[in-house]
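Novice: Below: sequence and its predicted model.
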Amino acid sequence: GNSVTQMEGPVTLSEEAFLTINCTYTATGYPSLFWYVQYPGEGLQLLLKATKADDKGSNKGFEATYRKETTSFHLEKGSVQVSDSAVYFCALKDNYGQNFVFGPGTRLSVLP
Amino acid sequence: DAGVTQSPTHLIKTRGQQVTLRCSPKSGHDTVSWYQQALGQGPQFIFQYYEEEERQRGNFPDRFSGHQFPNYSSELNVNALLLGDSALYLCASSYWDKRLIQPQHFGDGTRLSIL
């Protein structure tokens, strides 16, 4: 079945550091890939998406590139801020259904 | 433009009881999905409703049931509650999309605690 694997957290960085959160997936066909962010006490917010191989999703300084050859969708940001502290979820949606499969989440803490 | 709204925000029940959670989708959306998010884990898909019918279902027992109303709002019902049902229950809405690329918009969830 479909699955998503993320690097284990928590990830603790200093402000302005470079961020990478690894995400790899297993799916049949060509899924769409997403990153969601969850702030404390809130639901999930869409951060970015990519729908086909080599697509790059970007938003608020975050980027991720759909790499079919490595089945990966790593999240990056060049300079993190304290306000980026949250839990980040990688997710996929396959070609056969409307539901999402989420990874376990990676907690990011950014220190001033 | 209201986003996805869920009620109640918090709920405490005891084992064996029944619970109903409610969700109003984002304006213009016609599809509602429900997810269970246990503490420290990613959301797990429960089921999805479109045109008042259950269209897809995840690996959850029949104790979990749902309904969608003509105004697209939805309810999640859980019978015979177990301690393991304690979780954040998330509702997500979207357009029914045959191209399967539209993202889902999530509510803030209902925190269900079973004593």
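Specialist: Cool, got the structure. Numbering: from 1, shown residues only, chains lettered A, B, ... in the order given.
Novice: what about residue B:22, distance to chain A?
Specialist: Between residue B:22 and chain A the distance is 15 Å, computed by Cβ to the nearest Cβ, to the nearest Å. The way it works is simple: take the backbone N, C-alpha and C, and place the C-beta from them, glycine included.
Novice: For that residue, which three-state class applies?
Specialist: When classified by DSSP: H, G, I helix; E, B strand; the rest coil, residue B:22 comes out as strand.
Novice: which residue packs closest to it, ignoring adjacent ones?
Specialist: residue B:7 (5.0 Å; Cβ to Cβ, 6 or more residues apart in numbering or on different chains).
Novice: thought the one you found was touching residue B:20?
Specialist: No: counting by Cβ atoms under 8 Å, residue B:7 sits too far from residue B:20 to count as a contact (10.0 Å).
Novice: Look up the pLDDT of residue B:41 for me, please.
Specialist: At residue B:41 the predicted local distance difference test score is 89.
Novice: Confirm it sits in a helix?
Specialist: No: assigned with three-state DSSP, residue B:41 falls outside any helix and is coil.
Novice: re the thing from before, list the contacts of the residue nearest to residue B:22.
Specialist: By Cβ atoms under 8 Å, 6 or more residues apart in numbering or on different chains, the residues touching residue B:7 are B:21-22, B:110.
Novice: Save those as TSV, and put in neighbour count too.
Specialist: Written out in TSV, the entries for the contacts of residue B:7 read as follows (neighbours: other Cβ atoms under 10 Å in any protein chain shown):
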residue	neighbour count
B:21	21
B:22	15
B:110	21
